[in-house]
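> this one's structure only:
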């Protein structure tokens, strides 16, 4: 939903209001609140779509052995705080898949993901310290 379509929706609200002053304000506020909530829901819902699509691209690439593409897809997400991507980078560094094996970097990524409650990263981090 674009800003322009929200503006049109709000202007349509103005034209559909009843003429009674008290009821018109109440109806306007209800419609405006509903429009704002719907707009926020659409914007927040679409924000995660690109991220999950990139995560899936990385997972598909990793599973097919294309570690360079997996790294390219997951690194920006991991830097933005995506726990799934962080955990996967930890795995790549701990196993040396597509990168030089680097336990220190693996621990860094696992820790960032584990702190967000990613169970797989928590387990893998525990294994690293075992």
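Cool, the structure landed. Because the structure is predicted, anything quoted here is derived from the model rather than measured. Numbers count the residues shown, from 1 in each chain.
> Ranking helices and strands of this protein by mean pLDDT, which lands last?
Between all helices and strands in the chain, the lowest mean by mean pLDDT, DSSP states H and E belongs to helix 3-15, at a mean of 55.
> If you count contacts, what does whichever strand or helix holds residue 111 end up packed against?
Per DSSP states H and E, residue 111 falls inside helix 103-114. Applying 3 or more Cβ pairs under 8 Å, 6 or more residues apart in numbering; DSSP states H and E, one finds that helix 103-114 contacts helix 83-95, helix 119-129. From N, CA and C alone the C-beta is placed, and that goes for glycine too.
> For the last one, enumerate the helices and strands it packs against.
Right, the one you point to is helix 119-129. Against helix 119-129 (3+ Cβ pairs under 8 Å, 6+ apart) you get helix 83-95, helix 103-114.
> low pLDDT regions in the protein?
Applying pLDDT under 70 to the chain flags the ranges 1-23, 26, 28-29, 31-51.
> Can you tell me how far the closest residue to residue 102 other than its chain neighbours is from residue 59?
Leaving aside its sequence neighbours, residue 102 sits nearest to residue 93 (Cβ to Cβ, 6 or more residues apart in numbering; 4.9 Å). Residue 93 sits 17 Å away from residue 59, going by Cβ to Cβ, to the nearest Å.
> Nearest to residue 70, out of the helices and strands packed on helix 119-129?
helix 83-95 (7.0 Å; Cβ to Cβ).
> okay, the angle between the closest one and helix 103-114?
Between the axis of helix 83-95 and that of helix 103-114 there is an angle of 160 degrees, by axes from the mean of the first three to the mean of the last three Cα atoms, to 10 degrees.
> Show residues contacting helix 83-95.
With contacts defined as Cβ atoms under 8 Å, 6 or more residues apart in numbering, helix 83-95 is touched by 55, 58-59, 62, 67, 70-71, 73-75, 77-78, 97-99, 101-103, 105-110, 112-114, 116-118, 120-121, 124-125, 128.
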